[in-house]
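>>> Pasted the sequence and its predicted model underneath.
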Amino acid sequence: MTKGSMLSWVDGANEPHGFGLNHLPYGAFRKDDVTRLCVRIGDWLLDLEACVRHGLLEGFAPSVRDACSQSTLNDLLAAGPEAWQALRAVLTACLSDDGYARTAADWLLVPLSEVELVLPIDPRGYTDFYASLHHARRVGELFRPDNPLLPNYKHVPIAYNGRASSVIASGTSVRRPWGQRRPANQETQPTFEPSAALDYELELAFVVGQGNALGEPISIANAHEHLFGVTLLNDWSARDVQAWEYQPLGPFLGKSFATSVSPWITPMAALESFRVAPAARAQGDPQPLPYLLDDADQQHGAFDIQVEVLLSTEASRAAGLAPMPVSRGNARGLYWTAAQMVAHHTSNGCNLRPGDLLATGTISGPERASAGCLLELTRNGAESIALPNGEHRAWLQDGDEVSLRALCRREGFLLIELGECVGHISEA
Ligand SMILES: O=C(O)/C=C/C(=O)CC(=O)CC(=O)O
Ligand SMILES: [Ca+2]
Ligand SMILES: [Mg+2]
């Protein structure tokens, strides 16, 4: 018997598509000019505001019912893990066979095909970590050949403060940014023009639930109480702009023009069966400092999530081709865990707030085929990659569409598919 194989009465919900009763990701949809929160099951949305109106959430505090009637998840995120657990239990019961919502299905369920999905959170902070050692090493070899892996890497979960205002929902097009650049090793004057080295970065982002008060760090043991869910994130990067601007203060305009996220947030509770031990530290690697070390985190602080990048181009779409696979990896190989990111981020007293995004950084594996960005795949544009339809790419061209996908698949457990994160490049 497959664990967690509870069935749902919702039409099509029990097919192995990754959006079954075991998943129930949160999102927000627009229909008839109104934005509402929902959870997804199969190709249907369970409207949370309608659940409140029809009395399905009567057992909850008015503040939780109110949070479910908002147009973003921020209030629900602030409500904390007990409220999330209780809500997930009630929504699961409503949707399971013999669930009492069945009689009210017409009022509660909306077909996915009839709505526009919008960003379900209003992120006020976006931090981007650098948790893949393989990514750090390969980018280091290209940007800093004398010193590829900086000596702090295995002690400090390195990150930069990203830009929250330009976080956009999957499907929103991304305009090629203009920027200042100067070719490497040339003492010429910089120019200001559209980026000629536009790239994607395959990442996961953890969504902060309840925050912490300024001055009060979150211990690594408590970190998971502050994480609500996970989503796919594309940290679009203009590599020419980045290479010229990033020293000494780090990425700025090379990355702040857009960051796409999936419209679906998978609750951490849905991923419990996919927790695994973090990638083993290599012999000789330093032990993290005590504030970054926790037994439970060392045993199952990482997530077995298969991730994939696909590309479609104007030509491939005209030929009727499906998006073409570019690379494939797994988040379980990251050097730093989500709990270590939370503990480190708040270790100086910095406050996290509901809806903040803590992104993993580019997820790259040891082989080049699992590199999560073109910078690595093409060695900074020096070698273009061949696409299955015969086209080549060193960097993204106008009309290209990048799709990030992620699957949790494990013998004996029901599949979970994270919501896709798509972005289409439009001209500068
Ligand atoms: O190594 C560098 O100088 C820059 C690296 C990045 O561009 C990556 C960054 O955004 C963090 C990450 O995605 O891992
Ligand atoms: Ca990044
Ligand atoms: Mg970005």
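On my side now, so go ahead. Values in this document were obtained by computation on a predicted structure and should not be read as measured data. Ligands and ions are numbered 1, 2, ... in the order given.
>>> all contacts plus neighbour counts: C-alpha atoms, from now on.
Fine.
>>> Does residue 167 touch residue 259 like I think?
Yes. Because the distance of 4.7 Å satisfies Cα atoms under 8 Å, residue 167 is recorded as touching residue 259.
>>> what are the phi and psi angles of the closest residue to ligand 3 within the chain?
Here the residue of the chain nearest ligand 3 is residue 235; by Cα to the ion that distance is 3.7 Å. In this entry, residue 235 is assigned phi and psi values of phi -90, psi 80 (degrees, to the nearest 10).
>>> what about it, how many residues close to it?
Counted with other Cα atoms under 10 Å, residues neighbouring residue 235 total 26.
>>> hang on, isn't it packed against residue 202?
Yes. In this structure residue 235 lies within contact range of residue 202 using Cα under 8 Å: 7.2 Å.
>>> Ends of stretch 310-324, what's the gap?
Its first and final residues considered, stretch 310-324 spans 5 Å by Cα to Cα, to the nearest Å.
>>> Can you point out the buried residues in it?
Burial within stretch 310-324, assessed by neighbour count using 16 or more other Cα atoms under 10 Å, is assigned to 310-313, 316, 323-324.
>>> farthest-separated two in these?
Using Cα to Cα, the buried residues of stretch 310-324 span at most 11.8 Å, a distance reached by 310 and 316.
>>> Touching both of these two, which residues are there?
Contact criterion Cα atoms under 8 Å, 6 or more residues apart in numbering; residues bridging residue 310 and residue 316 by contacting each: residue 323.
>>> Now the stretch 101-250 of the chain against ligand 1: closest residue?
In the stretch 101-250 of the chain, no residue comes nearer to ligand 1 than residue 130, which is 3.6 Å away by Cα to the nearest ligand atom.
>>> next one: the stretch 251-400 of the chain
The stretch 251-400 of the chain approaches ligand 1 most closely through residue 361 (3.3 Å), counting by Cα to the nearest ligand atom.
>>> In contact with that residue, which residues?
When the contact criterion is Cα under 8 Å, 6+ apart, the partners of residue 361 are 128-132, 201-204.
>>> Output those in CSV, with secondary structure appended to each entry.
Converted to CSV, the contacts of residue 361 look like this (DSSP: H, G, I helix; E, B strand; the rest coil):
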residue, secondary structure
128, strand
129, strand
130, coil
131, coil
132, coil
201, coil
202, strand
203, strand
204, strand
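>>> closest to residue 419 among those?
Taking Cα to Cα as the measure, residue 419 sits nearest to residue 204 out of the contacts of residue 361, at 11.3 Å.
>>> Which residue is the nearest non-sequential neighbour of that closest one?
Counting by Cα to Cα, 6 or more residues apart in numbering, residue 232 is the residue found nearest to residue 204 once chain neighbours are left out, at 4.6 Å.
>>> So the one you found lies in a strand, does it not?
Yes. Inclusion of residue 232 in a strand is indicated when three-state DSSP is applied.
>>> Helices of the protein, start to end?
Assigned by DSSP state H, the helices in the chain fall at 48-53, 62-68, 74-79, 81-95, 105-108, 133-143, 239-245, 295-300, 314-318, 338-346, 374-377.
>>> To residue 215, which of these lies closest?
Closest to residue 215 of the helices of the chain, according to Cα to Cα: helix 338-346, at 8.3 Å.
>>> Quick one: residues contacting residue 19.
For residue 19, the contacting residues are 13, 25, 40-42, 415-417, taking Cα under 8 Å, 6+ apart as the criterion.
>>> Go back to these and keep what's next to ligand 3.
Checked against ligand 3 using Cα under 5 Å from the ion, the contacts of residue 19 give no members in range.
>>> Near ligand 2, which residues of the stretch 151-300 of the chain? Just list them.
So the stretch 151-300 of the chain meets ligand 2 at residue 235 (Cα under 5 Å from the ion).
>>> Any stretches of the stretch 1-150 of the chain with poor pLDDT?
Segments of the stretch 1-150 of the chain classed as low confidence (criterion: pLDDT under 70) are 1-5.
>>> The same query, at a cut-off of 80, please.
Applying pLDDT under 80 to the stretch 1-150 of the chain flags residues 1-5, 98-106.
>>> got it, and the stretch 251-400 of the chain?
Confidence mapping of the stretch 251-400 of the chain against pLDDT under 80 gives the ranges 280.
>>> How about the residues of it by ligand 1?
Residues of the stretch 251-400 of the chain lying close to ligand 1 (Cα under 6 Å from any ligand atom) are 361-362.
>>> try 8 Å
251, 255, 360-363 (Cα under 8 Å from any ligand atom).
>>> Specify which member of the residues you listed is nearest to residue 102.
So of those, ranked by how close each gets to residue 102 (Cα to Cα), first place is residue 360, at 39.0 Å.
>>> Distance of the residue lying closest to the closest one once chain neighbours are set aside relative to residue 167?
Spatial nearest neighbour of residue 360, chain neighbours left out: residue 129 (5.0 Å); criterion: Cα to Cα, 6+ apart. Here residue 129 is placed at a distance of 16 Å from residue 167 (Cα to Cα).
>>> again, but for residue 323
When Cα to Cα is the yardstick, residue 323 and residue 167 sit 23 Å from each other.
>>> for residue 243, same thing?
Applying Cα to Cα, one obtains 22 Å for the distance of residue 243 from residue 167.
>>> Looking at the two, which one has more neighbours?
With other Cα under 10 Å as the criterion, residue 243 and residue 167 differ in neighbour count, and residue 167 comes out ahead with 25 against 17.
>>> Okay, the more buried one and residue 234: tell me how far apart.
Using Cα to Cα, we find residue 167 at a distance of 10 Å from residue 234.
>>> same thing with residue 278?
Relative to residue 234, residue 278 is positioned 23 Å away (Cα to Cα).
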